[in-house]
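A.B. asks: Following is a predicted model, sequence given first.
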Amino acid sequence: MTKLDFLERYGQEDEPYVCASCGNCTLVCPVFHELKWESYGPRGKLHVVKSILEGKSEFGKDFAHKIFLCNLCEHCTSVCTTGISLDRFWEVVRAEVRERGFLPAPAQFVLKSLKERGDIMWMGSADRLLWMEDIEEIVKGRILKKAKVAYFLGCNVSLKSQLHDVAKSMVKIMDYAGVDFTLLGDKEVCCGAPLGWAGNLKDINEMAEKNLEIIRELGVETIVFSCPSCILTWSEYSEYLKENQNIELLTASQFISRLIRERRLSFEEQPMITPTFHDPCISARVLKATEEPREIMDYIPGVYHVEMNPSRQNTRCCGSHGLLDVVDPILASKIAEVRLRDVTVTPATRIVTECPRCILAFDLAKFTTNYDILVQDITQLVASSLAPKDEGGAKDQ
Ligand code: SF4
Ligand code: SF4
């Protein structure tokens, strides 16, 4: 069977014919850069879809696998001369891959884990409380408390021990600034983004609404996120958020920037820290949240950030988005190594970012490249630079 009715269902049937074959997308695609074959790049894949539409090719297992060799990094979409929303297109094709039973085994596992455990790692709700060890004093009484601000951790930050310090740093910053905030604790479930990456577009709304039910009950007006993909999913799939535009969705650095502007954070002089900022794909190309992390770094005394190339909207993917890290971990790791090489030509001594997947990818690439550099989330840099409270915390600057 080659017919692609599903493209019509999602209003995507014209995309393969709109393509002008300019190749802009191929030039920026990290997967094409590694594999060097046109058929692995976005233009090549789009042409195969066209050929399937015309009955010249089969929608077979090989093509299905190629569709998953993609970071959903939005770089092709951002440079497309004819305005094709390629990332949406790849998700729709992945949905058809699933329908036809060609889903790669790691993607099947992710779907099963989401359905049965509410997370992507087969861990379960009780494990979402483990990160709070040793900061009980700060989180005590915060879980499911009514408050105007909620901190949504996401699966990676709450469940992966190497990222627990990101969550601890964020709550320490909020506590330092006197923010009245709430946590969803073991009631938090995955935002639903991996459902779309694994080809299940129809259940994302339902998943997104599970967390929103709690947010509604708690009277939250601002939600702070440690993961850009969570924000994107909440904003695209929650009907409640679409109807209630007064609920703000902020990246951690957007929220921290606000706290700095309100003079609620004080910093102590740092011993000459030279970080570079890695813009996560979704933060930069979709949320357009590139300036706040830089403003924060510039505000901390003793921190002198340097830029790496490419950056901001042209940032290079870390390799770990869109399930590539589970479908083809070796390819994902090679893509991360390329990004680490961008750092080696700067004087930076650490990479600061604000996406848990980027942190995991770079931590792994450090081992495969032997490149010894500290990888941090922006919240970790901020929390570790705060002035001791008894020496004037939260004082005016
Ligand atoms: S989303 Fe990224 S990895 Fe996927 S085709 Fe586009 S540029 Fe390549
Ligand atoms: S950038 Fe857009 S128009 Fe150009 S080849 Fe890629 S998909 Fe086609």
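C.D. replies: Right, received. Where do you want to start? Ligands and ions are numbered 1, 2, ... in the order given.
A.B. asks: Break down the stretch 1-150 of the chain into its strands, ranges please.
C.D. replies: 149-152 (DSSP state E, counting those that start in this stretch).
A.B. asks: Contacts for the worst-scoring helix or strand of the chain on mean pLDDT, please.
C.D. replies: The helix or strand of the chain with the poorest confidence is helix 239-243; it has a mean of 72 (mean pLDDT, DSSP states H and E). Helix 239-243 has contacts (CB atoms under 8 Å, 6 or more residues apart in numbering) with 205, 209, 212, 216, 234-235, 247, 249. Backbone N, C-alpha and C define where each C-beta goes, glycine included.
A.B. asks: same thing but 7 Å
C.D. replies: If you take CB atoms under 7 Å, 6 or more residues apart in numbering as the criterion, helix 239-243 is touched by 205, 209, 212, 216, 234-235, 247.
A.B. asks: For the residue of the stretch 51-200 of the chain at minimum distance from ligand 2, grab the count of nearby residues.
C.D. replies: Relative to ligand 2, the nearest point of the stretch 51-200 of the chain is residue 80 (3.4 Å; CB to the nearest ligand atom). Neighbour count of residue 80, defined by other CB atoms under 10 Å: 21.
A.B. asks: Over to residue 361?
C.D. replies: 28.
A.B. asks: Counting by contacts, list what the helix or strand that contains it packs against.
C.D. replies: Secondary structure assigned from DSSP states H and E places residue 361 in helix 356-369. Judged by 3 or more CB pairs under 7 Å, 6 or more residues apart in numbering; DSSP states H and E, the packing partners of helix 356-369 are helix 155-159, helix 329-344, strand 374-377.
A.B. asks: Next, format the ones you listed as JSON lines and append mean pLDDT, mean neighbour count and distance to ligand 2.
C.D. replies: Conversion of the helices and strands packed on helix 356-369 to JSON lines gives the following (pLDDT from 0 to 100; neighbours: other CB atoms under 10 Å; distance: least, CB to the nearest ligand atom, whole Å):
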{"stretch": "helix 155-159", "mean pLDDT": "95", "mean neighbour count": "26", "distance to ligand 2": "30"}
{"stretch": "helix 329-344", "mean pLDDT": "96", "mean neighbour count": "19", "distance to ligand 2": "19"}
{"stretch": "strand 374-377", "mean pLDDT": "97", "mean neighbour count": "21", "distance to ligand 2": "32"}
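A.B. asks: who's in contact with the one residue in the stretch 201-350 of the chain that gets nearest to ligand 1?
C.D. replies: Residue nearest to ligand 1 within the stretch 201-350 of the chain (CB to the nearest ligand atom): residue 317, separated by 6.1 Å. Residue 317 sits next to 30, 71, 73, 75, 281, 335 when contact means CB under 7 Å, 6+ apart.
A.B. asks: what sits against residue 318?
C.D. replies: With CB under 7 Å, 6+ apart, residue 318 has these contacts: 336, 339, 357-358, 361-362.
A.B. asks: how many other residues sit next to residue 135?
C.D. replies: With neighbours defined by other CB under 10 Å, the count for residue 135 comes to 16.
A.B. asks: Distance to residue 285 for the helices and strands packed on helix 356-369 - can I get that in a markdown table?
C.D. replies: Shown next, in a markdown table, are the helices and strands packed on helix 356-369 (distance: least, CB to CB, whole Å):
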| stretch | distance to residue 285 |
| --- | --- |
| helix 155-159 | 20 |
| helix 329-344 | 15 |
| strand 374-377 | 19 |
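A.B. asks: Output those in a markdown table, with distance to ligand 1 appended to each entry.
C.D. replies: As requested, these are exported to a markdown table (distance: least, CB to the nearest ligand atom, whole Å):
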| stretch | distance to ligand 1 |
| --- | --- |
| helix 155-159 | 20 |
| helix 329-344 | 8 |
| strand 374-377 | 22 |
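A.B. asks: Got the domain ranges for this protein?
C.D. replies: Here the domain parsing of the chain from automatic domain parsing is 5-99, 115-261, 275-385.
A.B. asks: out of these, deepest packed?
C.D. replies: domain 275-385 (a mean of 21; mean count of other CB atoms under 10 Å).
A.B. asks: So residue 182 belongs to a helix, correct?
C.D. replies: No - using DSSP: H, G, I helix; E, B strand; the rest coil, the assignment for residue 182 is strand, not a helix.
A.B. asks: re the thing from before, now, the contacts of residue 317 that are in helices?
C.D. replies: 30, 75, 281, 335 (DSSP state H).
A.B. asks: Verify the stated contact: the residue of the stretch 51-200 of the chain closest to ligand 2 with residue 26.
C.D. replies: No - applying CB atoms under 7 Å as the test, residue 80 and residue 26 come out as separate, 10.9 Å apart.
A.B. asks: ok so, going back, ok and the helix holding residue 361 relative to helix 329-344, angle-wise?
C.D. replies: Here the directions of helix 356-369 and helix 329-344 differ by 90 degrees (axes from the mean of the first three to the mean of the last three CA atoms, to 10 degrees).
A.B. asks: touching ligand 1 at all, helix 356-369?
C.D. replies: No - for a cut-off given as CB under 6 Å from any ligand atom, helix 356-369 has no contacts with ligand 1; the smallest distance is 13.6 Å.
A.B. asks: Quick one: mean pLDDT for that helix?
C.D. replies: Helix 356-369 shows a mean pLDDT of 94.
A.B. asks: Kindly format the C-alpha coordinates of that helix as PDB.
C.D. replies: The C-alpha coordinates for helix 356-369 follow below in PDB (Å, rounded to 0.1, in the frame of the first residue of the first chain):
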ATOM      1  CA  PRO A 356      17.900  18.600  30.400                       C
ATOM      2  CA  ARG A 357      18.400  16.600  27.100                       C
ATOM      3  CA  CYS A 358      21.300  18.900  26.100                       C
ATOM      4  CA  ILE A 359      23.000  18.400  29.500                       C
ATOM      5  CA  LEU A 360      22.700  14.600  29.200                       C
ATOM      6  CA  ALA A 361      24.000  14.700  25.600                       C
ATOM      7  CA  PHE A 362      27.000  16.800  26.400                       C
ATOM      8  CA  ASP A 363      27.800  14.800  29.600                       C
ATOM      9  CA  LEU A 364      28.000  11.700  27.400                       C
ATOM     10  CA  ALA A 365      29.900  13.400  24.600                       C
ATOM     11  CA  LYS A 366      32.600  14.500  27.100                       C
ATOM     12  CA  PHE A 367      33.500  10.900  27.600                       C
ATOM     13  CA  THR A 368      33.500  10.000  23.900                       C
ATOM     14  CA  THR A 369      35.700  13.100  23.100                       C
END
